[in-house]
Structure formats: structure tokens, C-alpha cells
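A.B. asks: pasting a predicted model and its sequence here:
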Amino acid sequence: MLKKVFGSAVFGVEATTITVEVNVDSGIGYHLVGLPDNAIKESNYRIAAALQNNGYKIPGKKITINMAPADLRKEGSSYDLTLAIGILAASNQIQAENLEKYLIMGELSLDGSLQPIKGSLPIAIKAREEGFEGFILPSQNAKEAAIVSDLKVFGVDNIKQVIDYFDKGEPLEQTIINTREEFEKNLDFPEHDFSDVKGQEGIKRCMEIAAAGGHNIILIGPPGAGKTMLAKRLPSILPPMTLHEALETTKIHSVVGRVQAHTGLMAQRPFRSPHHTISDVALVGGGAFPQPGEISLSHNGVLFLDELPEFKRGVLEVLRQPLEDREVTISRAKFTVTYPSSFMLVASMNPSPGGYFNDPNAPVTSSPAEMQRYLSKISGPLLDRIDIHIEVTPVPFEKLSEDRKGETSVDIRKRVTKAREIQTARFKESDAVHYNAQMNTKQIRKYCILDEPSKKLLKTAMERLNLSARAYDRILKVSRTIADLEGVDDVNGSHISEAIQYRSLDREGWLG
């Protein structure tokens with residue numbers, strides 16, 4: 001007897017429906033076809049034990065299972081429940097007349113209990129698109145899938161519940177989520193706050209500008225100056241995610257199985273901080289069966305690269321295209337997947353191998369030549385994509401010992417959000433540009449018009465400080481953001497002069 005059960009496979013951040021055809025006929029044998037990987041091929045052992053422990057069995061007949069489309073590779077253990085229900089229905093051990101209305105996914109333990117799966121959100125979105133009535137999956141993933149409206153989501157703990165639902169009509173508990181309510185409930189403020197940072201008022205101002213315009217930033221300073229502490233607090237001043245951004249971010253994290261069971265919808269901007277030993281594939285995504293990398297997991301959030309020169313040069317170079325295009329495309333012989341990667345890059349580094357400036361009183365000193373050789377590990381094209389370079393100096397004892405709290409992230413975030421709203425209105429007709437850091441040359445010329453004194457100031461600064469030509473557009477973008485924070489329509493000389501201070505690595509004596 002032939003029965004069809006439906007599952008799903010995730011490619012990139014999109015799902016594809018898989019039809020599992022189970023045919024039970026006279027003879028002996030178990031044949032699983034349709035390009036399954038080893039985890040799926042091993043499923044018959046898990047299925048046999050799970051059915052045996054729940055009063056059922058795999059029939060001693062010829063079982064042929066095809067996973068269509070047969071030319072699409074399937075991977076993972078999440079098809080266990082799909083296959084098991086198909087075998088029971090095809091062998092007449094259960095009556096399941098309405099199987100075609102449901103999409104069924106889940107990994108089986110030997111006692112029949114279900115383990116969580118990856119990609120439940122994109123699968124649920126696809127199920128709704130294709131008109132399925134319900135989605136049956138492990139209870140740990142139910143909240144995540146229930147974000148999708150107009151689809152009945154049933155979270156189950158054991159295969160026996162699914163069997164009894166189809167065979168005996170025993171009801172399953174539907175998981176219902178009010179998406180907007182869930183989103184607003186999880187808008188708790190991040191753990192780290194700028195009020196914890198002693199001193200460093202100039203750097204806080206710099207971080208505020210970076211957050212307001214979505215600018216990439218690099219912090220250069222000796223150990224203990226507060227670079228990492230500042231970077232970890234950047235998400236706390238970024239504007240709150242919109243519901244659309246939250247769904248987009250949750251979808252990516254769902255693919256790699258990193259959405260927490262109790263939340264369902266991610267409402268906090270991600271902050272990713274990979275170790276410097278990371279490979280280029282782990283950073284941008286890929287592999288034999290492509291998965292999102294750190295840059296995609298940072299989508300709509302912050303990617304923090306601590307000790308930037310310690311990363312392999314090849315790893316850093318692969319960042320260049322995603323920083324420009326805000327997405328990364330991974331091509332294989334039979335398919336191509338695209339992952340979004342619109343993130344803020346925050347990097348930190350020491351100014352020399354020893355970690356200190358050319359200071360005779362420092363524990364470890366480095367010559368200017370050593371400093372330049374160390375800094376030159378970062379290529380010009382990558383540095384060209386970082387708008388703000390700022391030096392971080394150690395905090396003096398007087399500041400560290402103060403009892404007075406600094407300005408809170410809540411107050412800074414209000415100013416940042418107001419500036420972002422100005423930019424949203426400015427770029428409302430553009431689908432690709434949402435904030436100042438994304439402006440192209442044409443938009444820079446349109447929105448960063450300078451008067452004659454400002455032009456002369458910028459020209460003088462570039463000549464005297466030996467600023468590179470690539471710094472010109474970056475200075476204008478940052479100036480535009482500073483003006484937005486002040487609520488000013490036109491960029492003026494004070495905005496230009498402040499922006500010039502934030503190009504340290506373009507000056508002679510740093511990278512030449």
C-alpha cells in the first residue's frame with residue numbers, strides 16, 4: 001500500500017516541501033531513496049526502537065521509501081517522525097485519512113520521545129504558503145513555528161501522541177502565539193549599559209555616531225583601555241528592532257537551531273563575537289551543505305572582531321564583498337543560496353604587537369616600524385569599508401574611582417533612534433538604503449552639500465594630515481550622521497571637523 005507524508009528541507013533561509021512516499025509490498029527489504037544523507041539512512045534503527053517501545057513495529061515486508069524531489073539532497077535526523085508515520089499508515093497499523101493536510105517533522109529518540117529540529121520557522125512559512133492545514137513538530141520548536149499566522153501548529157512530546165491523533169482522533173494541543181505581543185514582551189533592555197563605563201566620553205560619543213548612522217567602527221588602544229567593554233554595549237544603544245527585522249533575524253537563527261524554546265521570536269539585536277581562529281567558511285557561511293556563517297547570524301545586529309590583526313588575512317578579506325552588498329551568495333554545483341548579512345562591523349585592536357603605544361613608560365614598547373608592520377596586516381580595501389577609526393586611551397585613576405554614573409544607554413538610544421528616523425524619512429524611496437552608512441556616491445553628493453568654508457576646511461585637513469582619498473566619502477557620511485544627531489538639515493564646518501578626527505588610521509604615521 002502506498003502512502004504520502006510531507007516533510008520539509010531548508011536551503012539557505014528558505015524551505016522546500018519534501019514528499020515522502022512510503023510503499024509496503026510483499027517481500028523483504030528496506031529501501032530508502034531520494035538522496036538521503038547518513039543521518040536519514042540511520043533513521044530505521046531509531047524508528048524501529050521507537051515503534052517497538054510504543055506497541056507498534058516495522059512490518060516484515062518490502063518497504064520502499066522515496067523522498068521527492070529525488071534529485072535534491074536531504075540531510076539531518078528531523079525526518080524520523082515523517083518516515084515513522086508513513087510506515088505505520090502504509091502498513092495499515094494506523095488509519096490516517098487526512099495525512100496530506102499536515103506537514104510532519106521531528107527527530108525520534110529510542111523511547112519515542114521527540115528531539116528539537118532546525119529551521120522550524122522557514123518550514124512553517126513554507127507550509128502556510130503551500131496551503132497545509134497544520135504543522136506537527138517537537139514541542140521545543142512549537143513557539144518558534146507558531147509565529148506564523150493562519151497555520152495550526154501542534155507541539156508534541158512523543159510519537160504516541162501523533163499516532164493517537166491520526167488513528168483515534170485524540171486532540172493535540174495547538175500552540176497559539178500573538179506575534180506582536182510576543183515581540184513587545186521580549187523587548188527587554190540588554191544586560192550591558194553605557195552607564196557602567198567610567199570616563200571615555202569621547203569614545204562614547206563616537207559609538208553614538210556609529211550607532212546613529214550604522215557606521216562600521218574600529219577601536220585602537222592598549223590592553224585594558226575598555227575597547228571590548230565599549231563594543232559589548234553598542235547593541236544597547238541601537239534602535240529597537242522592527243517586527244520585520246525580528247522575523248528576518250529569527251529565520252536565520254532558526255536554520256542553525258539557535259532560537260531558544262521559551263522565546264519563539266528574537267527581539268534583541270544579535271551580538272556575535274567569533275574567536276580569531278575562525279575559518280573563512282565559518283565566518284561567511286558555506287560548507288558541503290551550506291549553513292549561515294557568523295556574518296549572517298549578525299544580521300540586523302553587531303559583528304565584533306576583537307584583536308583584528310590576529311585573524312588570518314584570508315578570513316578578513318572575505319568580509320569585503322558582504323560589507324558592500326549586505327548579503328553573501330554561496331554557490332555549489334547544483335544550487336546557490338543567498339544569506340542576508342546587513343550588520344555593523346565593530347573591530348578592536350592593539351596599536352602594536354606588544355599592545356602599547358610608543359611609550360617609554362609602558363611595560364612593553366614597540367618602535368614605529370613595528371607598529372606600522374603590525375597595523376598593515378589589515379588591508380587597505382577592508383579598512384576602506386570602515387567609516388570610523390578611533391584611538392582609545394587608558395582611563396585615569398580619577399575617572400575610575402568616581403562614584404558618579406555615566407549617561408545611560410536609554411538616554412543615548414533615544415537620540416540614536418531619533419536620528420535613524422530622520423534617515424528613514426530621507427531614504428524612504430530607496431529599497432537598498434536605510435541609513436547614512438549605506439549611501440552611494442550619488443546620494444552623498446545630494447545629501448552632503450558643503451558650503452565654501454566647509455570645503456576649505458576639508459581640503460586643508462586632507463592635505464595637512466595626509467588623509468587618503470578614500471577618507472573623503474567616509475568623512476562626508478559621518479558628518480551627515482553628526483548633523484542628523486543635532487537635527488540640522490545642512491552639514492557644516494563643525495560636523496566636518498569632528499568627522500575628520502575619526503580617521504586615525506588614514507593619518508601619516510599609522511598606515512602611511
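C.D. replies: Arrived safely.
A.B. asks: and the contacts of the one helix or strand in the chain whose mean pLDDT sits lowest?
C.D. replies: Within the chain, judged by mean pLDDT, DSSP states H and E, the helix or strand with the poorest mean is helix 397-400; its value is a mean of 70. Helix 397-400 is contacted by residues Lys198, Gly199 when judged by C-beta atoms under 8 Å, 6 or more residues apart in numbering. Quick note: C-beta positions are derived from backbone N, CA and C, even for glycine.
A.B. asks: pull the distance from it to the chain's centre.
C.D. replies: Relative to its parent chain, helix 397-400 has a centroid offset of 37 Å by C-alpha atoms, centre = their mean, to the nearest Å.
A.B. asks: ok, how many other residues are close to Arg421?
C.D. replies: Quick fix: residue 421 is Glu, not Arg. Neighbourhood size, Glu421 [other C-beta atoms under 10 Å]: 12.
A.B. asks: from Ser352, how far out is it?
C.D. replies: 41 Å (C-beta to C-beta, to the nearest Å).
A.B. asks: and if you look at Ala471?
C.D. replies: Distance from Ala471 to Ser352, by C-beta to C-beta: 23 Å.
A.B. asks: most centrally placed residue in this structure?
C.D. replies: The geometric centre of the chain, computed from its C-alpha atoms, lies nearest to Leu297 (C-alpha atoms, centre = their mean), at 2.1 Å.
A.B. asks: what's near enough to touch it?
C.D. replies: Shown in contact with Leu297 (C-beta under 8 Å, 6+ apart): Ile252, His253, Val256, Arg258, Pro270, Arg272.
A.B. asks: swap in Glu391?
C.D. replies: Glu391 touches Ile220, Gly221, Pro351, Ser504, counting by C-beta under 8 Å, 6+ apart.
A.B. asks: just give me the least confident of the residues you listed.
C.D. replies: pLDDT across the contacts of Glu391 is lowest for Ser504, at 71.
A.B. asks: from memory that one sits against Ile386, does it?
C.D. replies: No: the pair Ser504 / Ile386 is not scored as a contact, 10.9 Å apart, by C-beta atoms under 8 Å.
A.B. asks: can you map out the helices along the stretch 201-350 of the chain?
C.D. replies: 201-213, 227-232, 243-255, 280-284, 294-297, 313-317, 320-325 (DSSP state H, counting those that start in this stretch).
A.B. asks: of all the ones you listed, which one comes closest to Thr408?
C.D. replies: Of all the helices of the stretch 201-350 of the chain, helix 201-213 sits nearest to Thr408, with 11.1 Å by C-beta to C-beta.
A.B. asks: returning to that earlier point: from the contacts of Leu297, which has minimum pLDDT?
C.D. replies: On pLDDT alone, Arg258 ranks lowest of these, at 85.
A.B. asks: would you enumerate the residues in contact with it?
C.D. replies: Neighbouring residues of Arg258 by C-beta under 8 Å, 6+ apart: Leu297.
A.B. asks: next one: Leu108 from Ala50, what distance?
C.D. replies: Where Ala50 is concerned, Leu108 sits at a distance of 5 Å (C-beta to C-beta).
A.B. asks: the strand ranked longest in the chain - which strands sit beside it in the sheet, and in what orientation?
C.D. replies: Secondary structure assigned by DSSP state E gives strand 14-25 as the longest strand of the chain. Partners of strand 14-25 in the sheet, by DSSP bridges, are strand 2-11 (antiparallel), strand 62-68 (antiparallel).
A.B. asks: show residues contacting the last one.
C.D. replies: Right, the one you point to is strand 62-68. Applying C-beta under 8 Å, 6+ apart, the external contacts of strand 62-68 come out as 7, 18-36, 40, 74, 79, 83, 86-87, 90.
A.B. asks: stretch 432-444 now?
C.D. replies: With C-beta under 8 Å, 6+ apart as the criterion, stretch 432-444 contacts 212-216, 326, 387, 420, 423-424, 427, 430, 447, 473, 476-478, 480-481, 484.
A.B. asks: buried residues, it. List them.
C.D. replies: Judged by neighbour count (16 or more other C-beta atoms under 10 Å), stretch 432-444 contains these buried residues: Val433, His434, Tyr435, Asn436, Ala437, Gln438, Met439, Gln443, Ile444.
A.B. asks: farthest pair in these?
C.D. replies: His434 and Ile444, at 15.4 Å, using C-beta to C-beta across the buried residues of stretch 432-444.
A.B. asks: what about Pro223, neighbour count?
C.D. replies: 13.
A.B. asks: phi and psi next, for His495.
C.D. replies: phi -70, psi -40 (degrees, to the nearest 10).
A.B. asks: residues touching it, list them.
C.D. replies: So His495 contacts Ser479, Arg480, Ile482, Ala483, Glu486, Val488 (C-beta under 8 Å, 6+ apart).
A.B. asks: now, those that are in helices?
C.D. replies: Of the contacts of His495, the ones assigned to helices by DSSP state H are Ser479, Arg480, Ile482, Ala483, Glu486.
A.B. asks: report pLDDT for Thr365.
C.D. replies: Thr365 is given a pLDDT of 67.
A.B. asks: tell me which element the residue nearest to Gln161 when sequence neighbours are not counted falls in.
C.D. replies: Nearest-residue entry for Gln161: Leu172, 6.3 Å, with adjacent residues in sequence omitted and distances by C-beta to C-beta, 6 or more residues apart in numbering. In this assignment (DSSP states H and E), Leu172 forms part of neither any helix nor any strand.
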